[in-house]
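Peer 1: mind folding the following:
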Amino acid sequence: MLILRVKIKTKRWCAKVCGARIQLPRFDSQSGVKLPIEEHVAVDELARGGWESRRSLGAEVLTECSLSSEKMPPRKKTTREERLERKRIAERLRYQRIKNDKDKYAQQKIKEREKYEKKKEKGVIKTVQQMTPREQRKLRKVWREKAKIRRRRLALQDISNAPETPPCSDSEDPPPPQNINRRAQAAQQKSIRARKARNLIIRKQEAEISQLKSAVQRYKKQIQRIKKPPISTPNTKVNSLNSRRQRNYKEETAFQ
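Peer 2: Here you go, the predicted model:
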């Protein structure tokens, strides 16, 4: 790589063409004469143009020297997911700094509330009353998952913030275990009750659905029989006569 000490007259050319600036000695190694203060830049002659192209751009060549240096390793290319992850981390840190300042946090809350109201006016955000039953079920499912995660996090905080008891000796009886997970147990019992009630409702609905399905099938068959005329065959005529005779015989025996 050829290193040139040049006097830059056009800083834009220095930024676009020359590359990174380096610090070279301010004394000429051959004559020992002190050189004036200039901007020293590293230029790769093989990759750039000739001398005339540099002079035409406004660079005056003073001295040249060779420098053995290794090339910098290429910058690792980041994927889109990595860039987005870095952006999310930076956004979380910024929001945490805002939360630490009470005034900024209050202003941020006001801004978020105004954005929410504008979106609601435009119809971007729907209220629960404006949603369809399917959308309401989907949203409630998300709420349940978030509530479950929050309860689990609070239970872990209770466990981690529990006071440490000193170890008891062999002669002493161990103290009775304290109910540290009260909140977790209460949440678990509440979820069990809700699950039982939900399963009961589901069973009732399934029974009603099966009854309605059987009724629908029965009515379909009745409609088909009404629309379809009976086929008159010798067997059907004989069967109808036999059934009529049996009915008449039953009526006669009943009166006797």
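Peer 1: what is the longest helix along the chain packed up against?
Peer 2: Criterion DSSP state H: the longest helix present in the chain is helix 182-227. Secondary-structure packing of helix 182-227 (3 or more Cβ pairs under 8 Å, 6 or more residues apart in numbering; DSSP states H and E): helix 133-160. All C-beta spots, glycine's among them, are computed from the backbone N, C-alpha and C.
Peer 1: buried residues in the helix or strand following the longest helix of the chain, which are they?
Peer 2: Using DSSP states H and E, the helix or strand that directly follows helix 182-227 along the chain is helix 234-255. Within helix 234-255, no residue counts as buried by 16 or more other Cβ atoms under 10 Å.
Peer 1: what are the boundaries of the strands in the stretch 1-150 of the chain?
Peer 2: 2-8, 59-66 (DSSP state E, counting those that start in this stretch).
Peer 1: just the mean pLDDT for the longest one, thanks.
Peer 2: For strand 59-66, the mean per-residue pLDDT is 41.
Peer 1: what does stretch 133-141 give?
Peer 2: pLDDT averaged over stretch 133-141 gives 93.
Peer 1: contact partners of it?
Peer 2: K126, V128, M131 (Cβ atoms under 8 Å, 6 or more residues apart in numbering).
Peer 1: tally of neighbours for the last one?
Peer 2: In terms of burial, M131 registers 13 neighbours under the definition other Cβ atoms under 10 Å.
Peer 1: look up phi and psi at it.
Peer 2: Here the main-chain torsion angles of M131 (degrees, to the nearest 10) amount to phi -80, psi 160.
Peer 1: identify the residue spatially nearest to it, adjacent ones excluded.
Peer 2: Spatially, and ignoring its direct neighbours in sequence, M131 is nearest to L139 (6.8 Å; Cβ to Cβ, 6 or more residues apart in numbering).
Peer 1: now the one you found: how far from K126?
Peer 2: Distance, L139 to K126, using Cβ to Cβ, to the nearest Å: 9 Å.
Peer 1: pLDDT value on Q256, please?
Peer 2: Note for Q256: predicted pLDDT of 63.
Peer 1: next one: A20
Peer 2: A20 is given a pLDDT of 41.
Peer 1: return stretch 125-140 as PDB; C-alpha atoms alone will do.
Peer 2: C-alpha atoms of stretch 125-140 as PDB (Å, rounded to 0.1, in the frame of the first residue of the first chain):
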ATOM      1  CA  ILE A 125     -58.100   0.700  17.200                       C
ATOM      2  CA  LYS A 126     -61.400  -0.900  18.000                       C
ATOM      3  CA  THR A 127     -63.100  -1.000  21.400                       C
ATOM      4  CA  VAL A 128     -64.400  -4.300  22.700                       C
ATOM      5  CA  GLN A 129     -68.000  -3.300  21.900                       C
ATOM      6  CA  GLN A 130     -67.000  -2.600  18.200                       C
ATOM      7  CA  MET A 131     -65.300  -6.000  17.800                       C
ATOM      8  CA  THR A 132     -66.900  -9.200  16.400                       C
ATOM      9  CA  PRO A 133     -67.300 -12.200  18.800                       C
ATOM     10  CA  ARG A 134     -64.400 -13.900  17.100                       C
ATOM     11  CA  GLU A 135     -62.100 -10.800  17.600                       C
ATOM     12  CA  GLN A 136     -63.300 -10.600  21.200                       C
ATOM     13  CA  ARG A 137     -62.300 -14.200  21.900                       C
ATOM     14  CA  LYS A 138     -58.900 -13.700  20.300                       C
ATOM     15  CA  LEU A 139     -58.300 -10.600  22.400                       C
ATOM     16  CA  ARG A 140     -59.400 -12.200  25.600                       C
END
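Peer 1: fine, thanks again, bye for now.
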